[in-house]
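S.K.: Fold the stuff below for me.
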Amino acid sequence: MQPRPQDVDALGDATLVARIVAGDERALMAAYDRHGDSVFGVAVRFLGDRETAAEIAQDVFLTLWRRAARFDVEAGSLLAWLMGITRHRALDRLRMESRRPRLVGAGDRERGEGAMSDDDPLGRAGIAGIGSAAAAGDPAAEIDRRWAGSVVRSALSEMPEPQRSILVLAYDHDLTQAEIADRLGLPIGTVKSRTRRGLAALRERLVGIPELREP
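M.R.: Just a heads-up that it's a prediction; the model follows:
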């Protein structure tokens, strides 16, 4: 039986992809509604340009429409697969325009149309510390680090505020759980439980997301 239009959004990713393979445009729109913000969010944080990020997001889902049969549910999540396409499209755009993203250091804030406002703690670069073992002066490693930071910031921005604010204070401001509890006026037990839930959600969100560097 064909699902009614209002039922498409409730389908799992694997079923959505199967329906996209079969030519169901409603399934493609449901996949876009589910993952479009994540694709756009990572692209705009990485490139710092909303118009370019929107073009990449459109291209990513056009690729999903054309190549959905290549998705292997056993190899990872649909989001991870889409992020792999986003990664390559973003890198292709950098090559095409012969430019590189501005690499920010601790305490800097992203600027430009695609950047977050100064009063948004996720706009700071501290959370981009993931992958910070990249060797200084290695452009490829620095681009990897910037990509990883963009993915993490995007994932954090989609988390519930109670969990997000605690993780940002921990990673971006380097506060201990006791200091976070004092800053937010919360019991230490609440901070610990929100930290555990937040980290679990973040790991689940990031599992299978590919690195930028190509083999």
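S.K.: do you know how far residue 157 is from residue 32?
M.R.: Taking C-beta to C-beta, to the nearest Å as the measure, residue 157 falls 18 Å from residue 32. To be clear about C-beta, it is placed using only N, CA and C from the backbone, and glycine gets the same treatment.
S.K.: ok, now residue 160?
M.R.: Counting by C-beta to C-beta, the gap from residue 160 to residue 32 is 23 Å.
S.K.: buried sites along whichever helix or strand residue 79 is part of?
M.R.: Using DSSP states H and E, the element containing residue 79 is helix 78-97. Neighbour counts using 16 or more other C-beta atoms under 10 Å place 78-79, 81-91, 93-94 of helix 78-97 among the buried residues.
S.K.: and the residue positioned nearest the centre of the chain, what element?
M.R.: With the centre of the chain defined as its mean C-alpha position, the nearest residue by C-alpha atoms, centre = their mean is residue 151, 3.5 Å away. Residue 151 belongs to helix 139-157 when assigned by DSSP H and E.
S.K.: Output that helix as CSV - backbone C-alpha positions only.
M.R.: The C-alpha coordinates for helix 139-157 follow below in CSV (Å, rounded to 0.1, in the frame of the first residue of the first chain):
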residue,chain,number,x,y,z
PRO,A,139,46.8,23.5,5.0
ALA,A,140,45.1,20.2,4.4
ALA,A,141,45.1,19.4,8.2
GLU,A,142,43.8,22.9,8.9
ILE,A,143,40.9,22.5,6.5
ASP,A,144,40.1,19.1,8.1
ARG,A,145,40.0,20.9,11.5
ARG,A,146,37.8,23.6,10.1
TRP,A,147,35.4,21.0,8.6
ALA,A,148,35.2,19.1,11.9
GLY,A,149,34.5,22.3,13.8
SER,A,150,31.8,23.2,11.4
VAL,A,151,30.1,19.8,11.8
VAL,A,152,30.3,19.9,15.6
ARG,A,153,28.9,23.5,15.8
SER,A,154,26.1,22.6,13.5
ALA,A,155,25.2,19.5,15.5
LEU,A,156,25.3,21.6,18.7
SER,A,157,23.1,24.2,17.3
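S.K.: report the angle between the axes of that helix and helix 78-97?
M.R.: 140 degrees (axes from the mean of the first three to the mean of the last three C-alpha atoms, to 10 degrees).
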